[in-house]
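1. here's a sequence, model it:
(chains A, B, C and D)
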Amino acid sequence: MAWTETNFSPRHAQQIDQMVIAMARLIQDGDFLAEGIGTFLPTAAYMLAKHTHAPQCTSLCPNGNTLMPGTRTLTLGHDEFATIPNASVWLDYVQINLMLMPTIFLGGSPRWTEFMRPAQIDPMGASNNVCIGDYARPVVRLPGAAGIPDASTAAKRFYYYTPRHTKQVFVEKLDFCSGAGHPGDKAGRPEHVVVLSNLCIMASGPSGRLQVTHMHPDVTREEIESNTGFALDWAASLQTNPPPSKDELALLNELVDPDGLRYLEALNSGARRDRLRQLLRHKAGDTP
Amino acid sequence: MAWTETNFSPRHAQQIDQMVIAMARLIQDGDFLAEGIGTFLPTAAYMLAKHTHAPQCTSLCPNGNTLMPGTRTLTLGHDEFATIPNASVWLDYVQINLMLMPTIFLGGSPRWTEFMRPAQIDPMGASNNVCIGDYARPVVRLPGAAGIPDASTAAKRFYYYTPRHTKQVFVEKLDFCSGAGHPGDKAGRPEHVVVLSNLCIMASGPSGRLQVTHMHPDVTREEIESNTGFALDWAASLQTNPPPSKDELALLNELVDPDGLRYLEALNSGARRDRLRQLLRHKAGDTP
Amino acid sequence: MDKRTDMQTAIALVQDGDRVALGGMTLYRRPVAAALALAARPKRDLEVVTFTGGIETDLLIGAGCVSTLRSCYTGLEIVGFAPHYTQAAHNGSITLVEETEYTLSYALQAASMRVPFLPMLGSLARTDMLQVRPDLKRFKCPITAEDLIAVPSLALDVAIIHVTAADSAGNCNMQGQLALDPYLPTVAKLTIVTAEQIVDTEELMAMRGGIQIPGMFVSHVVPAKDGSLPTSCFPTNKLDLSGILDYADSCKSPEAWQQWLTVATEAYQ
Amino acid sequence: MDKRTDMQTAIALVQDGDRVALGGMTLYRRPVAAALALAARPKRDLEVVTFTGGIETDLLIGAGCVSTLRSCYTGLEIVGFAPHYTQAAHNGSITLVEETEYTLSYALQAASMRVPFLPMLGSLARTDMLQVRPDLKRFKCPITAEDLIAVPSLALDVAIIHVTAADSAGNCNMQGQLALDPYLPTVAKLTIVTAEQIVDTEELMAMRGGIQIPGMFVSHVVPAKDGSLPTSCFPTNKLDLSGILDYADSCKSPEAWQQWLTVATEAYQ
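-> Purely as a prediction, here's the structure:
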């Protein structure tokens, strides 16, 4: 069931793969990997990392709310049937929020790694998942910030991702700040916030403002600038991300995400629902 | 292995049985029954109540730290082998102290029933399990008050017991207050504190001071007064406790506590150790 | 004590204006049948408390039952925004209490402990959260003098939880995502459990995870096979994502929405 | 990562002056072998933290390892007083920090949450506890203005826990009385687990209760069969009450006590 049947461009698909690979490479063996809800990109990256250089990582899976060693194949909302029976520990959210998160974030071990997806990001790497427009009468009410207010104010290092690098996402001023950014040039450190998009990787620079540190292959500075709503800094040591290796792509396409669910995150809402219907019909045995 | 072989008097043994029966009769069906550590008397009473009028009670057993429906036979420190495999829930002490105890004590349902054993009790029903003499350099350091400071300041109704009614236990002034008594005639209510001894039952009266409400059979007022270190009030409706029924004694001696472990609590420390050795030899197959 | 009853009897005990917590998380083990029963009466002016809201919360908003919603996320995961929630927020027709994972967890834990608040590190002030939550009060630590935030205790009128299995005494087994469910019955005046199946206590104890909610905190047990659909209930039912898509599509017109509500409500009766 | 090591290597990491928590409760699942190893070096000036102290705490006091003890009860249950504890308190040779079940649970929970304190209801002031615990500070609730007590957070240097089984990565199964053990590794810099048996992760997960301490919080795993004796370790070992009586008897003279210590220490090597 090829993605070419949707209006999703092969170039964008390639960029998504590049994002997953870049995320996976940021993971160190032994990290504590926090999965989000319906966040296929980071989950694909976690599984890829576990398959390759980071087999000792533990995942915290909200699909089942479990601690999980090992890997699994992404599913359309059925992950709990893979996680629950194989989990080492079952948790509730008081245990997570009053024990596990503070112990790891503030206690310092193991390293907490999580990729969060915000609706807006400002130049200091602060984020918004609450509303577009005025809070009291929003133009668009967003689902909510979940644990981002808690994690972003505790973390020493914080990862965001966005599969659609646009001026709507990268804004000079947030409509609401629900995720803390770099705390300022004195309090924070370089790379406090790292943002992965489909075009590039940005990280907090010496002043605290985001600067582009890596561009994905076949992306230009102009394309990044014209899709960013604030003036961008560029790292002196700007690099191009190495593309996925053949082995990495094979793992991704064969073991981790054969259905290409990671691309769902890059579609707009209408196209995503159409694609979901297609995938579900396909799973049910119909022709795609 | 008869208790007549020890220096423990048959009269005292009868009084202990009377205490167990009186405790059991204070239990209502559906109560939440908190067991102590090495407290054979209340545990015997709980099991007796479950066998008779209160089968729906749940026990919180520190031997295994579990919630337990049903009954068991008392053992010399091996209760966890009966409780753990049959428990409905396993708990840790953060769950107990931050969730279960406040929910039941202050939330109000089900009714919490617990019998605590203090070293000293004063006229208002306050208690001491911390030290005899000055706190900094005690004549006798006691084991500690465990949960009594917490429970006695939260409970609307609080039960103490002592298997040896003496002037050393019932004192005008505590050496250290580790269990709150009746909060005073305005704040508290009658029967806020109930104390069961081998001679009688006392309960907070209208002024908050303990008054004798029930005497055990064959006990005189003079005996109680001469063994109490403060001036005693006597309830207008003073009653004599009905003695154990034949059925109650049969349950106690056959199903609940065939080894008579409840009497251990009434012995002084040397006699108790001797008796423990005797019982252990007996269990190991030697003649008693 | 046999606590079994039917859905109508149990739901009738919920009062207009009650603060009602809904168990489960986003699209997993949600009390959908119970939410439909609340909508059918209909109950009004509810304050819904949910760690993360999904279809059960959105349908209650769509049916006009909700005046206030407390959650840290309400949405349909990969299917997208929760339509009625999004619309009601835009219209200003419901009050939203903006929670985070920590604030809601702290508030329920405080209620469970019966203390008036729990202290949170002051760093949350680096976001705009405190501007929309004036009840999260800044104060100085009485011990270290550092800036802290007092998260007020949150007691509930009602907790409604769908569980994998229960016995007639209200003991519950849940498998997988426990969300905040084990704490809800300890802070609610009334706890209604809807259960995929009713089993003997011994069978319940033998299930993976055993008993997570002791029956003494449960008021009513409602047998409700498939009562979480289209959300999942491990291990009995998988998430029916088509059902979630149908729901989202139905919200595009008032007629389709009324039809969805009618069909769904009838399906549960 | 294989965290297995031997008792001597693990115990050598404990520093004189450390705040050391001992897992288990009174006479159940106590780290007796580890305590004997601490006594044998001997470690000095320890602050021992134990929910309820038993033989493991008393023997450390007898061996002169303890300068401060925090617990809400220290004794030998039906066997009677803990002899060295009682004597040391009488002599004033150790500092006792008088805890209650709540204060110690609150202090560890605060440490786990990384907040400086947790608020407790002010009613504890109806006892004399606050007179001997000036660090339990009274303050006004920032929300309700009622009188509360701030219980300071208690972080640990070392946690030592005897478990029913562990895998080489430090995941632990404990059965029955969990005491405060699941929380200790989250607030300790160093966590030493002594395990009745070392098993594969899958075998561990299949045991009743599964994994209660995730390996990521455990520093070292020491194989220690019978390492809790004479205290129990369900389901492997029952409490050996004769052993506890022997211990209590040995404390009646310095010679008998030294002999008990020598024999017990050798038995574990």
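
2. quick one: residue C:168 from chain A, how far?
-> Per CB to the nearest CB, to the nearest Å, residue C:168 is found 25 Å from chain A. (C-beta placed from N, C-alpha, C; glycine too.)

3. give me the pLDDT value at that residue.
-> Looking at residue C:168, its pLDDT is 97.

4. repeat for residue C:208
-> Predicted confidence (pLDDT) for residue C:208: 88.

5. residues contacting the closest residue to it other than its chain neighbours?
-> Counting by CB to CB, 6 or more residues apart in numbering or on different chains, residue C:175 is the residue found nearest to residue C:208 once chain neighbours are left out, at 6.0 Å. Residue C:175 makes contacts with A:84, A:90, C:164, C:207-209, C:234-235, as judged by CB atoms under 8 Å, 6 or more residues apart in numbering or on different chains.

6. how about the residues you listed, which pair is most distant?
-> Using CB to CB, the two most remote members of those are A:90 and C:235, lying 13.4 Å apart.

7. sheet partners, orientation included, of the longest strand along chain A?
-> Looking across chain A with DSSP state E, the single longest strand is strand A:233-240. Strand A:233-240 has the following strand partners under DSSP bridges: strand A:210-215 (parallel).

8. which parts of the strand it pairs with are buried?
-> By neighbour count on 16 or more other CB atoms under 10 Å in any protein chain shown, the buried set for strand A:210-215 is A:210-215.

9. pull the residues that contact that strand.
-> With CB under 8 Å, 6+ apart as the criterion, strand A:210-215 contacts A:22, A:121, A:123-125, A:193, A:195, A:199-205, A:221, A:224, A:232-235, A:237-241.

10. buried members of those residues into ChimeraX, please.
-> To isolate the buried ones among the contacts of strand A:210-215 in ChimeraX, judged by 16+ other CB under 10 Å, type:
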select /A:22,121,123,124,125,193,195,199,200,201,202,203,204,205,224,232,233,234,235,241
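
11. all strands of the stretch 1-150 of chain A, in order?
-> For the stretch 1-150 of chain A, strands defined by DSSP state E, counting those that start in this stretch occupy the ranges A:32-34, A:58-61, A:66-68, A:89-90, A:112-116, A:120-121, A:127-128, A:131-132, A:140-141.

12. now the third one: mean pLDDT?
-> Along strand A:66-68, the predicted confidence averages to a pLDDT of 85.

13. mind listing what's buried along it?
-> Buried residues in strand A:66-68 (16+ other CB under 10 Å): A:66-68.

14. packing partners of that strand?
-> strand A:58-61, strand A:89-90 (3 or more CB pairs under 8 Å, 6 or more residues apart in numbering or on different chains; DSSP states H and E).

15. contacts for whichever strand or helix holds residue A:222?
-> Assigned by DSSP states H and E, residue A:222 belongs to helix A:221-226. For helix A:221-226, contacts defined as CB under 8 Å, 6+ apart pick out A:165, A:199-200, A:212, A:215, A:232, A:234.

16. check the helices and strands packed on strand A:66-68 for me and report the most buried one.
-> strand A:58-61 (a mean of 22; mean count of other CB atoms under 10 Å in any protein chain shown).

17. starting at the chain centroid, how far to it?
-> Strand A:58-61 sits 15 Å away from the centroid of its parent chain (CA atoms, centre = their mean, to the nearest Å).

18. mind listing the helices for chain C?
-> With DSSP state H as the criterion, chain C has helices at C:7-11, C:32-40, C:55-62, C:83-91, C:101-113, C:129-132, C:184-187, C:201-206, C:241-250, C:254-267.

19. only C-alpha atoms, please: export the fourth one in CSV.
-> When you say that, I think you mean helix C:83-91. Output of helix C:83-91 as CSV, limited to C-alpha atoms (Å, rounded to 0.1, in the frame of the first residue of the first chain):
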residue,chain,number,x,y,z
PRO,C,83,-14.4,18.0,17.8
HIS,C,84,-16.9,19.1,20.5
TYR,C,85,-14.2,20.0,22.9
THR,C,86,-12.5,22.1,20.3
GLN,C,87,-15.7,23.8,19.3
ALA,C,88,-16.9,24.5,22.8
ALA,C,89,-13.5,26.0,23.8
HIS,C,90,-13.7,28.2,20.7
ASN,C,91,-17.3,29.3,21.6
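
20. returning to that earlier point: confidence-wise, which of the helices and strands packed on strand A:66-68 is weakest overall?
-> The lowest average pLDDT among the helices and strands packed on strand A:66-68, as it happens, falls on strand A:89-90, at a mean of 87.

21. so what secondary structure elements neighbour that strand?
-> When contacts are defined as 3+ CB pairs under 8 Å, 6+ apart, strand A:89-90 sits against strand A:66-68.

22. burial of residue A:220, as a residue count?
-> When counting by other CB atoms under 10 Å in any protein chain shown, one arrives at 10 neighbours for residue A:220.

23. show the contacting residues for residue A:150.
-> Counted by CB under 8 Å, 6+ apart, residue A:150 has contacts A:97, A:101, C:100-102, C:124.

24. which of those residues come close to chain B?
-> Among the contacts of residue A:150, none lies close to chain B by the criterion of CB under 8 Å from any CB of the partner chain.

25. quick one, strands of the stretch 101-250 of chain C?
-> Under DSSP E, counting those that start in this stretch, the stretch 101-250 of chain C gives strands at C:117-121, C:137-140, C:147-152, C:156-163, C:165-166, C:172-173, C:188-195, C:220-223.

26. list, one by one, the residues from chain C near chain B.
-> C:1, C:109, C:112-114, C:171, C:183, C:186-187, C:201, C:205, C:210-212, C:214, C:216-217.

27. which of these are buried?
-> Applying 16+ other CB under 10 Å to the residues of chain C next to chain B, the neighbour count classes C:109, C:112-114, C:171, C:183, C:186-187, C:201, C:205, C:210-212, C:214, C:216-217 as buried.

28. so which of these are also by chain D?
-> residue C:114.

29. got the end-to-end distance for stretch A:187-205?
-> In stretch A:187-205, first residue to last residue: 13 Å (CA to CA, to the nearest Å).

30. ok, and what's touching the longest strand of chain A?
-> With CB under 8 Å, 6+ apart, strand A:233-240 has contacts from A:203, A:205, A:207, A:209-217, A:221.

31. got the contact list for residue A:99?
-> D:112-113, D:183, D:186.

32. again with residue C:147
-> Here residue C:147 is in contact with C:122, C:125, C:138-141 (CB under 8 Å, 6+ apart).
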